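Colleague: Quick one, fold the following:
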Amino acid sequence: MTTPTTVPSPEEIHDRTRSVLAARIGDAFTDVPSDADLQKALGERYDSLTAMECISAVESEFGIEVDFVADDVRFWFSSVERMVRFTHERLEDTAALGLGS
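Modeller: Just a heads-up that it's a prediction; the model follows:
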């Protein structure tokens, strides 16, 4: 079970998120700043299919579930910085509720 003390730091989430996205997007992702809008920075390399693959990869990496109806995925998954914030908050909520694996 995940506890509040086992929630990864934002820095760890950041590093793991960048690693997961780099594996999906490739070399073009290397120089993209964490606060950059991925669609603008990557153009056609970050289309709707790639965005879905990235969301799925983040879900798998952190054991979270993104609700495509309740969660504003166009906002939360538009930049690495926002993904990190979303993931950290989701992990904290899960830990606080004792819902971790």
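Colleague: Secondary structure element holding Ala70?
Modeller: Using DSSP states H and E, Ala70 sits in no helix or strand.
Colleague: And the pLDDT at the residue most central in space within the chain?
Modeller: With distances taken as Cα atoms, centre = their mean, Met83 lies nearest the centre of the chain, 3.8 Å away. With respect to pLDDT, Met83 scores 98.
Colleague: Check Thr2 too.
Modeller: Residue-level pLDDT assigned to Thr2 equals 40.
Colleague: Likewise for Ser101?
Modeller: 54.
Colleague: Same question for Thr6.
Modeller: pLDDT at Thr6 comes out at 86.
Colleague: My guess is it contacts Ala96. True?
Modeller: No: taking Cβ atoms under 8 Å as the definition, Thr6 is not a contact partner of Ala96, at 11.9 Å. For the C-beta atoms, the positions are set from N, CA and C on the backbone; glycine is no exception.
Colleague: Between the two, which has more neighbouring residues?
Modeller: Using other Cβ atoms under 10 Å, the more surrounded residue of Thr6 and Ala96 is Ala96, with 13 against 10.
Colleague: where's the more buried one relative to Leu42, distance?
Modeller: Relative to Leu42, Ala96 is positioned 34 Å away (criterion: Cβ to Cβ, to the nearest Å).
Colleague: which stretches of the chain form helices?
Modeller: Secondary structure of the chain (DSSP state H): helices at 10-25, 38-42, 48-62, 73-76, 80-96.
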